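>>> Next one to model:
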Amino acid sequence: MKILLLGKNGQLGWELQRSLAPVGEVVALGSDSVNPCGNLANLTGIRETIRATAPDIIVNAAAYTAVDQAESEREKAALINAKAPAALAQEARLSGALLVHYSTDYVFDGSGNTPWQETDSPAPVNFYGATKLDGEKAIQASGCRYYIFRTSWVYAARGNNFVKTILRLAKERDSLRIVNDQIGAPTGAELLADITAHILRSRPEACGLYHLSASGETSWYDYARFVLDYARQAGVNLKVSEEAVTAIPSSDFQLPAKRPLNSRLDTGKFTQTFGLHLPDWQSGVEQMLAEIL
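You can find the predicted model right below:
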């Protein structure tokens, strides 16, 4: 079995290189890969790569993820998040390959406090979310066999993420103000990669759209407190005191792109279909902290 992995240098792509290795022969490409082309902004090059590689499975871990920048770089965000997945899906349909693609809770408007189900109507509140939704729709309309996994708040030991930013700021600043009204589940790239590999080995036929995130929920504020408490117990020297970490509403933290307040994902369809246990978000974050501290 041959697997074409796109986005090998991202948080998820890096973990997928490891997890997919026992599944089949992995051709892993990044945006800097020229021959064969791994740059999703080059649609012609990507199509040629798929035809030359002739993979049984295409795993797309690449995406335009700069949420705020997407508001001003709309053409680039749409090219990578919508037009490129459409091209991947078309090539997958023509060749009979299975396409695995990752999406986001940002396809929803973040209203209410009930976890989002796959059957709920998407309504993105920012352009990044709109492009990810367009990518989903293109794949679903293509007629190819696909898995789309919507996830949330992805992190990994490799690359930049919220945890590393908080730790850096906590060493530099006397106080921190962190949003406490956005709720979701931090989900490890390692978990996503391992589950992807397991499904491709055991249930390649159960195609469709699934919500996939770690169990439980938290706010960015409580997430930060969890990280800082762990760091203090591990002996990390932090400049900021516990009392100087303040919770604020999203309205006090203005960004170019609006964020959904409710990022909870209902993973019931996933767990019932595959019979897998999704660990609580704290266990994965602790594992990452143990690795990076």
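>>> Contacts for the strand or helix carrying residue 195 next, please.
Following DSSP states H and E, one finds residue 195 within helix 189-202. Contacts of helix 189-202 with the rest of the structure, by Cβ atoms under 8 Å, 6 or more residues apart in numbering, involve 3, 11-12, 14-16, 18-20, 22-23, 57, 59, 98, 100, 102, 147, 149, 151, 154-157, 206, 212, 214, 274, 276, 278-279, 284, 287. (Glycine included, C-beta is placed from N, CA and C.)
>>> So how do I select the buried members of the residues you listed in ChimeraX?
In ChimeraX syntax, the buried subset of the contacts of helix 189-202 is picked out as below (16 or more other Cβ atoms under 10 Å):
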select :3,11,12,14,15,16,19,20,23,57,59,98,100,102,147,149,151,154,155,156,157,212,214,274,276,278,284
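>>> out of the contacts of helix 189-202, which are inside strands?
Among the contacts of helix 189-202, the members found in strands (DSSP state E) are 3, 57, 59, 98, 100, 102, 147, 149, 151, 154, 155.
>>> isn't the second one right next to residue 95, touching?
What that stands for is residue 57. No: Residue 57 is not in contact with residue 95 according to Cβ atoms under 8 Å; the separation is 10.7 Å.
>>> before we move on, back to that, let's have the ones in strands among the contacts of helix 189-202 in JSON lines, adding pLDDT and distance to residue 245.
Listed next are the ones in strands among the contacts of helix 189-202 as JSON lines, based on pLDDT from 0 to 100; distance: Cβ to Cβ, whole Å:
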{"residue": "3", "pLDDT": "98", "distance to residue 245": "43"}
{"residue": "57", "pLDDT": "98", "distance to residue 245": "44"}
{"residue": "59", "pLDDT": "98", "distance to residue 245": "38"}
{"residue": "98", "pLDDT": "98", "distance to residue 245": "45"}
{"residue": "100", "pLDDT": "98", "distance to residue 245": "38"}
{"residue": "102", "pLDDT": "98", "distance to residue 245": "31"}
{"residue": "147", "pLDDT": "98", "distance to residue 245": "39"}
{"residue": "149", "pLDDT": "98", "distance to residue 245": "32"}
{"residue": "151", "pLDDT": "98", "distance to residue 245": "27"}
{"residue": "154", "pLDDT": "97", "distance to residue 245": "23"}
{"residue": "155", "pLDDT": "96", "distance to residue 245": "19"}
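>>> Most widely separated two among those?
98 and 155 (26.8 Å; Cβ to Cβ).
>>> Would you indicate which residues of the helix holding residue 195 are buried?
Buried, per 16+ other Cβ under 10 Å, within helix 189-202: 189, 190, 191, 192, 193, 194, 195, 196, 197, 199, 200.
>>> what do you get for stretch 254-267?
For stretch 254-267, the neighbour count (16+ other Cβ under 10 Å) marks 257, 258, 259, 260, 261, 262, 263, 264, 265, 266, 267 as buried.
>>> Which member of those residues is positioned nearest residue 234?
Taking the buried residues of stretch 254-267 together and measuring to residue 234 by Cβ to Cβ, the closest member is residue 263, at 27.7 Å.
>>> what residues are up against the closest residue in space to that closest one that isn't next to it in sequence?
Leaving aside its sequence neighbours, residue 263 sits nearest to residue 184 (Cβ to Cβ, 6 or more residues apart in numbering; 3.2 Å). Counting by Cβ under 8 Å, 6+ apart, residue 184 touches 105, 152, 153, 213, 217, 218, 263, 264, 265.
>>> and of these, the nearest to residue 137?
Out of the contacts of residue 184, the member with the shortest distance to residue 137 (by Cβ to Cβ) is residue 105, at 16.4 Å.
>>> now the closest one: how far from residue 152?
4 Å (Cβ to Cβ, to the nearest Å).
>>> Kindly report the same for residue 59.
Counting by Cβ to Cβ, the gap from residue 59 to residue 152 is 19 Å.
>>> can you map out the helices along the chain?
11-20, 43-53, 74-78, 84-95, 127-142, 162-172, 189-202, 220-233, 268-274, 281-292 (DSSP state H).
>>> Flag every buried residue along the third one.
Going by neighbour count (16+ other Cβ under 10 Å), the buried part of helix 74-78 is 77, 78.
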